[in-house]
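A.B. asks: Attaching a predicted model along with its sequence, questions to come.
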Amino acid sequence: MPVRHPFLRYSAEDVDRVRRLAESDETVRATVKSVCSAADSLIANPLPIPRERTDDHAEIPGKMARAANAYMLSGDDKYAAWVRQALLVYADFYPTMAPHGGGRARIFATASGLYEAMWYVTTICAYDQVYDSPVFSTEDHARIEERLLRPAAELFIVRDYWDTGDWRAGDLHYKCYNFQAWFISAVGLTGLLLGDAQPLLLHRAGQAAQRLLHPVLHLHLRGVGVRPFLEGDADRRPARRGG
């Protein structure tokens, strides 16, 4: 495991290289200045995070990412402090919202695991980018881990696909398609950030048990004359972003 953050979306070596280039390359220096200038306008006020179940949470991670990018490129802790405050708000709020829609979502009004996973993947990547800032205490990291990261990852892990009591187990979106691309990303990124293989391995084990089920299902549908479900471009775009 890398010892320096970031290492999820970017690497510490990537950051070092851009900072060195900014010292000698005017174009890179201007780009860094532009990123920081945009972030300065953003952090002028606290991030207004809804303390309720609403789809408006989708607007928050992109803002955290912009401030995290500014910290990553400049090393100025004021950007990390702004992201820290947002993460701690979520760490307090997230566990208070019980999963709904059959366990598919917590903070989004639309009971869609896809919405929640897209929110979470961008959020954890922003956290990774500011993780090493001294604005975070050991207690901050523990609070974010236990009250946000682990509960969120748990939302995307189906431990037993034969459990009839888990609605997600019977939902094809938890076995394939763009939804599952985001779920696997969410769980894997959590395991990598925490240096904890268990969430990722458990999810991979569940996926392995299902690998043949998806193609067999489609072959069966073709055999009985039913056209298999094929996603359109609107569904493929999130899948590509989710990796």
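C.D. replies: Nice, I can see it. Because the structure is predicted, anything quoted here is derived from the model rather than measured.

A.B. asks: Could you use CA atoms for every contact and neighbour count after this?
C.D. replies: Noted.

A.B. asks: Just the buried residues of stretch 76-84, please?
C.D. replies: Neighbour-count burial for stretch 76-84, counted by 16 or more other Cα atoms under 10 Å, picks out 77-84.

A.B. asks: could you redo these as TSV and give each row secondary structure, distance to residue 44 and pLDDT?
C.D. replies: Shown next, in TSV, are the buried residues of stretch 76-84 (DSSP: H, G, I helix; E, B strand; the rest coil; distance: Cα to Cα, whole Å; pLDDT from 0 to 100):
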residue	secondary structure	distance to residue 44	pLDDT
77	helix	14	98
78	helix	10	98
79	helix	10	98
80	helix	13	98
81	helix	12	98
82	helix	9	98
83	helix	12	98
84	helix	15	98
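
A.B. asks: Looking at those, which is nearest residue 123?
C.D. replies: residue 83 (9.6 Å; Cα to Cα).

A.B. asks: Surely the closest one and residue 66 touch.
C.D. replies: No: contact between residue 83 and residue 66 fails when scored by Cα atoms under 8 Å: they sit 9.6 Å apart.

A.B. asks: give the contact list for residue 62.
C.D. replies: Counting by Cα atoms under 8 Å, 6 or more residues apart in numbering, residue 62 makes contact with residue 122.

A.B. asks: Distance from the chain centre to whichever strand or helix holds it, please.
C.D. replies: Assessed by DSSP states H and E, residue 62 sits inside helix 60-74. In terms of Cα atoms, centre = their mean, to the nearest Å, the centre of helix 60-74 is set 14 Å apart from its chain centre.

A.B. asks: Would you mark the buried spots in it?
C.D. replies: For helix 60-74, the neighbour count (16+ other Cα under 10 Å) marks 60-61, 63-74 as buried.

A.B. asks: same thing with stretch 132-143?
C.D. replies: 133, 135-136, 143.

A.B. asks: With distance to residue 102, pLDDT and secondary structure added, can I get those residues in TSV?
C.D. replies: Shown next, in TSV, are the buried residues of stretch 132-143 (distance: Cα to Cα, whole Å; pLDDT from 0 to 100; DSSP: H, G, I helix; E, B strand; the rest coil):
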residue	distance to residue 102	pLDDT	secondary structure
133	38	98	coil
135	38	98	coil
136	35	98	coil
143	26	98	helix
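
A.B. asks: Before I go, just wanted to say thanks for your time.
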